[in-house]
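**Q** Would you be able to build a 3D model of this:
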Amino acid sequence: MKIIQTVTVKQVLTEKSREELSAKYRKTKQQLQKECDQLLFEMKKLERTKKYSAAALKAQFDKEIELRKEKMKLVDFQMEQLEMLPYGSELKDQDIQALVDIKVGDSWEEIMSGKTIIVKDGIIEEIRER
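**A** Modelled structure (predicted):
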């Protein structure tokens with residue numbers, strides 16, 4: 001019988017992976033800034049039509065812009081933390097679903113403890129039983 005199990009993928013921090021993560025964070029931050037700029041543009045455009053209440057319109061757009069600014073602060077924090085981490089640190093990358101074969105006589109505790117895949121520079125380095 002096969003069951004689906006969640007497997008954690010961790011990335012070993014190397015010079016290459018640090019650069020890739022930094023680039024990813026910068027790209028995310030740029031995207032959030034573009035969204036803020038676009039929201040401001042749309043708000044000004046809608047204000048000129050005078051179809052909507054200016055106060056309600058501004059409140060809604062300000063809320064959306066503030067959400068993106070909070071995400072930008074989080075990205076800044078992640079970038080700071082990334083710079084402080086030593087090489088060789090393991091960072092949780094993602095959780096994936098895997099098919100696991102089980103049979104009568106297997107240890108349920110061992111199966112449920114799950115597995116962790118360790119990736120270094122795009123290469124699977126280790127598969128750990130938790």
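**Q** State the pLDDT value of residue 126.
**A** pLDDT, residue 126: 94.
**Q** what does residue 60 give?
**A** We have a pLDDT of 91 for residue 60.
**Q** Look up the pLDDT of residue 41 for me, please.
**A** 93.
**Q** Show me what secondary structure element comes after the host helix or strand of it.
**A** Assigned by DSSP states H and E, residue 41 belongs to helix 15-49. With elements assigned by DSSP H and E, the helix or strand that comes after helix 15-49 is helix 54-84.
**Q** tilt between that next one and helix 15-49?
**A** 170 degrees (axes from the mean of the first three to the mean of the last three Cα atoms, to 10 degrees).
**Q** Tell me the helices and strands packed up against helix 54-84.
**A** Under the contact criterion of 3 or more Cβ pairs under 8 Å, 6 or more residues apart in numbering; DSSP states H and E, helix 54-84 touches helix 15-49. All C-beta atoms are positioned from the backbone trio N, CA, C, and that covers glycine.
**Q** just to revisit the earlier point, for the helix holding residue 41, buried residues please.
**A** Buried residues in helix 15-49, defined by neighbour count with 16 or more other Cβ atoms under 10 Å: 17-18, 21, 25, 28-29, 32, 35-36, 39, 43, 46.
**Q** elements contacting that helix?
**A** Under the contact criterion of 3+ Cβ pairs under 8 Å, 6+ apart, helix 15-49 touches helix 54-84.
**Q** please redo it, this time with the cut-off set to 10 Å
**A** Packing partners of helix 15-49 (3 or more Cβ pairs under 10 Å, 6 or more residues apart in numbering; DSSP states H and E): strand 2-12, helix 54-84, strand 90-101, strand 115-120.
**Q** Looking at these, which one is packed in the most?
**A** Stretch with highest mean neighbour count among the helices and strands packed on helix 15-49: strand 115-120 (a mean of 17; mean count of other Cβ atoms under 10 Å).
**Q** Name the helix or strand of this structure that has the lowest mean pLDDT.
**A** helix 108-113 (a mean of 87; mean pLDDT, DSSP states H and E).
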